[in-house]
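Asker: Predicted model, plus sequence, below.
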Amino acid sequence: MANLYEVLRRPIETEKSRFQGIKLHTYVFEVASESTKAQIKEAVETLFDVDVVKVNVVVSPAKRGRRGKTRRVVVRKAAYKKAMVTIRADQSIDTLGFGGVQG
């Protein structure tokens, strides 16, 4: 990784991640596939000015499907890496202002 801005790609906003953010102070981000826990922790602490307690990382596998008469396997959605970042209970992160266009 060249810099901190390449580590975090986007926040993952689902019902489950919003619940975790409110109740458990855990925020979910899609991260670069070659990033480490230490790099993710440093990026979140620097960009959002919070204290990170714990970082969990999961590699989500590619979604596959079958198409056509031959029923060949095609990839519908590529694999990605996501990080669940837990911060101190008295802090929060506003993920709506982060990254690209929110729709």
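Answerer: Nice, I can see it.

Asker: switch to C-alpha atoms for all contacts and neighbour counts from now on
Answerer: Noted.

Asker: Report the separation between the residue of the chain positioned farthest from its centre and residue 77.
Answerer: Most distant from the centre of the chain: residue 69, at 36.6 Å, with distances by CA atoms, centre = their mean. According to CA to CA, to the nearest Å, residue 69 and residue 77 sit 21 Å apart.

Asker: Show me the contact partners of the top helix by length along the chain.
Answerer: As assigned by DSSP state H, the longest helix anywhere in the chain is helix 37-48. Outside helix 37-48, the residues that touch it by CA atoms under 8 Å, 6 or more residues apart in numbering are 4-5, 7-8, 31, 50-52, 55-57, 83, 85, 93.

Asker: if we go to 6 Å?
Answerer: The contact list for helix 37-48 (CA atoms under 6 Å, 6 or more residues apart in numbering) reads 4, 51.

Asker: Show me which residues of that helix are buried.
Answerer: 39-41, 43-44 (16 or more other CA atoms under 10 Å).

Asker: Reformat those residues into a markdown table and put distance to residue 12 and pLDDT next to each item.
Answerer: Below are the buried residues of helix 37-48 laid out as a markdown table (distance: CA to CA, whole Å; pLDDT from 0 to 100):
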| residue | distance to residue 12 | pLDDT |
| --- | --- | --- |
| 39 | 18 | 95 |
| 40 | 15 | 96 |
| 41 | 17 | 96 |
| 43 | 16 | 94 |
| 44 | 14 | 94 |
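
Asker: Looking at the residues you listed, which is nearest residue 18?
Answerer: residue 44 (17.3 Å; CA to CA).

Asker: How much space separates that closest one from residue 69?
Answerer: Counting by CA to CA, the gap from residue 44 to residue 69 is 47 Å.

Asker: cool, residue 22 as well?
Answerer: 47 Å.

Asker: ok, back up a step: what's the closest of the buried residues of helix 37-48 to residue 73?
Answerer: residue 40 (33.4 Å).
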